[in-house]
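Asker: would you be able to build a 3D model of this:
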Amino acid sequence: MDEFTERGRTLPHNEDAERAVLGAILLNANSLEVAMESVSPSDFYHTGHRALFSAFIAYSDSNPLKTLDLISIIDFLKSRDQLEQCGGVAYISSLTENVSTTSSVGVHSQIIHALALRRQYIQLANEFSIAGYDESQEIIKLLDESEGKLSRLAQGTGDANKDYSIGQFVSQALVNLRERMEGKPSGNLETGFDKLDSLTDGGFHPTDFIIIAARPSIGKTAFATSIVQNMICAPRNYSVAFFSLEMSGIQVSQRLISGVSKVPLKMLRNASFANQRDPKFNHVMSAAQRLFETKLFILDTPNMKLSEIRTTARRLRREQNIQAIFIDYIGLIDAEMPAASKKFEQVTEISKALKSLARELEIPVVVLCQVTRDAEGDKNEPQLNNLRDSGAIEQDADMVMFLHRSRKVDADKLVKDQKGENTLQPTKVIVAKQRNGETGEFFVGFKPSTASFESLADGAWSV
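Answerer: Residues are numbered from 1 along each chain as shown. The predicted structure is shown next:
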């Protein structure tokens, strides 16, 4: 398909609107700034119009805007040997003939941009059709790529020529600062662990790619589900997606019920209640009702493909307005690369894609990760170079947290839980990397009976 026709039909465009915008700029140079709020040169259908609009911008970059007029632009085009490309003197002069006012340049510019988006949509539809007939390509991957292209097209609906100058971002930073000073929410997602929220300046930040890593059986999943529990329940009531590639949705739900009800997970799994009037059973039912009313979405497909995760995440963001994504864990994601690809290459691809997803959806993406055996000893605290399979995780992540504690349970070091019972195992949380904040460490308490974590009072600090 060329840029003008598709299957013998002329692509959508409005020549009169294009001529009106160009003519308005020749009559009033200030119209260029108005037009540039909606259109870019590539939005113009005709090649000559495209070249002329580009010339207007190039001229204004090196000359005072108020000097832009018919005579100056023709001289400018001659100096660049572009006059004929833009239609010649006679054609450029004719652009002002039917422009009675320049006040409609904004409306005409929006018409041009909308039609440009329509042409791009037709172009994508044609590409999708061709790819659909190619049975050598996996359909799930095609759907992911297609949705990504449509998402990028949709992002251009209102800012074809968005202002990327530092002034725009400084202004927004000041607005955010004033809002915080007035007590308005920061937009960060609180984790429910006060020390973590304090260290991260209010919780997980939108667009952040966050890693939670630890040795096996230390409690990566338990810590993640505890954060999820804090996020989805009152008073926060966030909308969260949990991709559970290792455990079933029922197992995740059992952990959450146990964490909310404080009833041992073993009792839930074994159904070891006296009867339905058992007080602990009532706690379970109450917790289940609380969870039923939350906005948590559990995806429990094992070895989920990377493209499936991205497609599902985009859909949930669009339809359910999810505010955070958790993935358990990175080593179980299918990168959809050739079988001969090395593991570190696959993890590198996954890491970059998930960071990109966080930026695209503007929400935090929290991913669980294992560490190498170098951090296996009780005294060997994990470090960034212990992240398994790829240094790309360390490079791409905005924040990396490690969990660390001794595998040996020392009864003398147990601390009190929320019920005042000595059941919590102090666990160190090491924030080893935080791109936009400080690193540091603090302690939380792991409760084996409910496979959950609780905040610790100051003073419970030894592992």
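
Asker: how does this structure divide into domains?
Answerer: 5-154, 186-455 (automatic domain parsing).

Asker: mean pLDDT, distance to R178 and mean neighbour count added to those, as CSV?
Answerer: Where you see a C-beta, it was placed from the backbone N, CA and C, and this is true even at glycine. Supplementary listing: these in CSV, determined by pLDDT from 0 to 100; distance: least, CB to CB, whole Å; neighbours: other CB atoms under 10 Å:
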stretch, mean pLDDT, distance to R178, mean neighbour count
domain 5-154, 86, 25, 16
domain 186-455, 88, 12, 18
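
Asker: in CSV, list those domains along with distance to L174.
Answerer: Converted to CSV, the domains of the chain look like this (distance: least, CB to CB, whole Å):
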stretch, distance to L174
domain 5-154, 22
domain 186-455, 14
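
Asker: mind listing residues that contact the strand or helix carrying S60?
Answerer: Using DSSP states H and E, S60 maps to helix 47-62. With contacts defined as CB atoms under 8 Å, 6 or more residues apart in numbering, helix 47-62 is touched by 18-19, 21-22, 25, 29, 32, 35-36, 39, 41-42, 44, 68, 72-73, 76-77, 80, 82, 85-87, 91-92.

Asker: likewise stretch 290-308?
Answerer: 140-141, 143-145, 228, 232-233, 237-249, 252-253, 256-257, 260, 309, 312, 316, 320, 322, 332-336, 349-350, 353.

Asker: distance from it to the middle of the chain?
Answerer: In terms of CA atoms, centre = their mean, to the nearest Å, the centre of stretch 290-308 is set 17 Å apart from its chain centre.

Asker: now the end-to-end length of that stretch.
Answerer: For stretch 290-308, the separation between the terminal residues is 29 Å (CA to CA, to the nearest Å).

Asker: same question, stretch 97-116
Answerer: First-to-last distance for stretch 97-116 - CA to CA - comes to 25 Å.

Asker: can you name the next helix or strand after the longest helix along the chain?
Answerer: Assignment by DSSP state H gives helix 105-133 as the longest helix of the chain. With elements assigned by DSSP H and E, the helix or strand that comes after helix 105-133 is helix 139-154.

Asker: between that following helix and helix 105-133, how many degrees?
Answerer: For helix 139-154 against helix 105-133, the angle by axes from the mean of the first three to the mean of the last three CA atoms, to 10 degrees is 170 degrees.

Asker: can you spell out which helices and strands pack onto helix 139-154?
Answerer: Using 3 or more CB pairs under 8 Å, 6 or more residues apart in numbering; DSSP states H and E, the elements in contact with helix 139-154 are helix 105-133, helix 306-320.

Asker: quick check: nearest residue in space to L95, chain neighbours excluded?
Answerer: Closest residue in space to L95, ignoring its immediate chain neighbours: G23 at 3.9 Å, by CB to CB, 6 or more residues apart in numbering.

Asker: my read: that neighbour touches S100, true?
Answerer: No - taking CB atoms under 8 Å as the definition, G23 is not a contact partner of S100, at 10.0 Å.

Asker: where's the closest residue to T311 other than its chain neighbours relative to D334, distance?
Answerer: Computed as CB to CB, 6+ apart, the closest residue to T311 that is not its neighbour in sequence is D144, at 4.8 Å. Per CB to CB, to the nearest Å, D144 is found 12 Å from D334.

Asker: which strand residues bridge V365?
Answerer: Counting by DSSP bridges, V365 is bridged to F209, I325.

Asker: how about it, what does it touch?
Answerer: Residues counted as contacts of V365 (CB under 8 Å, 6+ apart) are 208-210, 324-325, 327, 354-355, 357-358.

Asker: rerun that using 10 Å as the cut-off
Answerer: 204, 207-211, 241, 243, 309, 313, 324-327, 354-359, 397-398 (CB atoms under 10 Å, 6 or more residues apart in numbering).

Asker: spatially, which residue comes closest to G106, not counting chain neighbours?
Answerer: The shortest distance from G106 to any non-neighbouring residue, by CB to CB, 6+ apart, is to V34 (5.1 Å).

Asker: on contacts alone, who are the packing partners of the helix or strand hosting that neighbour?
Answerer: Assigned by DSSP H and E, V34 belongs to helix 31-36. On a contact count with 3 or more CB pairs under 10 Å, 6 or more residues apart in numbering; DSSP states H and E, helix 31-36 meets helix 15-27, helix 47-62, helix 105-133.

Asker: and of those helices, who's closest to E381?
Answerer: E381 sits nearest to helix 105-133 of all those, at 48.4 Å, using CB to CB.

Asker: report the distance from the closest one to the chain centre.
Answerer: Relative to its parent chain, helix 105-133 has a centroid offset of 25 Å by CA atoms, centre = their mean.

Asker: in the stretch 201-350 of the chain, which spans are strands?
Answerer: For the stretch 201-350 of the chain, the strands defined by DSSP state E, counting those that start in this stretch occupy 209-214, 239-244, 295-299, 324-328.

Asker: kindly reformat these as a markdown table containing distance to K416.
Answerer: Shown next, in a markdown table, are the strands of the stretch 201-350 of the chain (distance: least, CB to CB, whole Å):
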| stretch | distance to K416 |
| --- | --- |
| strand 209-214 | 24 |
| strand 239-244 | 29 |
| strand 295-299 | 29 |
| strand 324-328 | 28 |
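
Asker: any idea how far K342 is from A335?
Answerer: K342 is 11 Å from A335, by CB to CB.

Asker: anything in contact with each of these two?
Answerer: Listed as contacting both K342 and A335 by CB under 10 Å, 6+ apart are T348.
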